[in-house]
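> When you get a sec, could you give me coordinates for this:
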Amino acid sequence: MNFISAGDLNERVQARELTYDKTEDAWSWQTVWGAWVKAVQSDRASYFSAVGIGARSVTFTMRKASRINLGLSFLWRGQFCFLTSITDAEQPGMVEVKAALCETVECRKDWDKSHEGTRFPGILTEKYVGHEQLDPHAMSVTTYVLVTPKAIELAAGSLVQVVVTPYKVLTVHTLDQWKNEYEIVRKADL
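The predicted model follows:
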């Protein structure tokens, strides 16, 4: 067992919780506590999405805290960290928190109803890009996976705006306890 001393916990993370601001009609990540951690980056992909591609990963070793759960995110070195697992470390009183290094994008739900809609942070990952040849023109079909915190609920068939582009919600995956995943599509003539 590799013993971790207090001096090994030499980097700071901010634990953030998703909160809703009714006056702004917006969800956002707000810092609720901070912790000292030992961080180890990996070139291995972290599969934070069941239907999308992975992202680079990082493992944080930190003191065990009852307030930690997979519904939180971490901010580390200015990077958004999507928590994927929390396990007891070999050393008593410590946990290992695995996370995917991601970028959040601003989204709006129910964009088709009001062109305003509730704002929320999401994580966009690639599913695939297709090319469909139709007579007499061709169409580009772009499909992504939008990963959201559990509180964000989108309906199949609705439109969601991602950054400035509207996408149709094709498939809804809501079985995970901490997150939802939505397969979204945009079709454009070539």
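
> and the most centrally placed residue in the chain, what does it touch?
By C-alpha atoms, centre = their mean, the chain has its centre lying nearest to I123, at 4.3 Å. Counting by C-beta atoms under 8 Å, 6 or more residues apart in numbering, I123 makes contact with F48, S49, F80, F82, C102, E103, T104, V105, L146, V147, T148. All C-beta spots, glycine's among them, are computed from the backbone N, C-alpha and C.

> Report pLDDT for the last one.
Just to be clear, that refers to T148. T148 is assigned 95 on the pLDDT scale.

> Same check on the third one?
Looking at F80, its pLDDT stands at 96.

> Tell me how far it lies from T104.
Distance of F80 to T104, given as C-beta to C-beta, to the nearest Å: 5 Å.

> which residues are in contact with both of these two?
Residues touching both F80 and T104 by C-beta under 8 Å, 6+ apart: W29, I123.

> just the strands in this protein please.
For the chain, the strands defined by DSSP state E cover 11-21, 26-46, 55-63, 73-76, 79-88, 94-102, 104-108, 119-133, 138-149, 159-162, 165-173, 179-189.

> what helices or strands is the first one leaning on?
The reference is to strand 11-21. Applying 3 or more C-beta pairs under 8 Å, 6 or more residues apart in numbering; DSSP states H and E, we find strand 11-21 packed against strand 26-46, strand 73-76.
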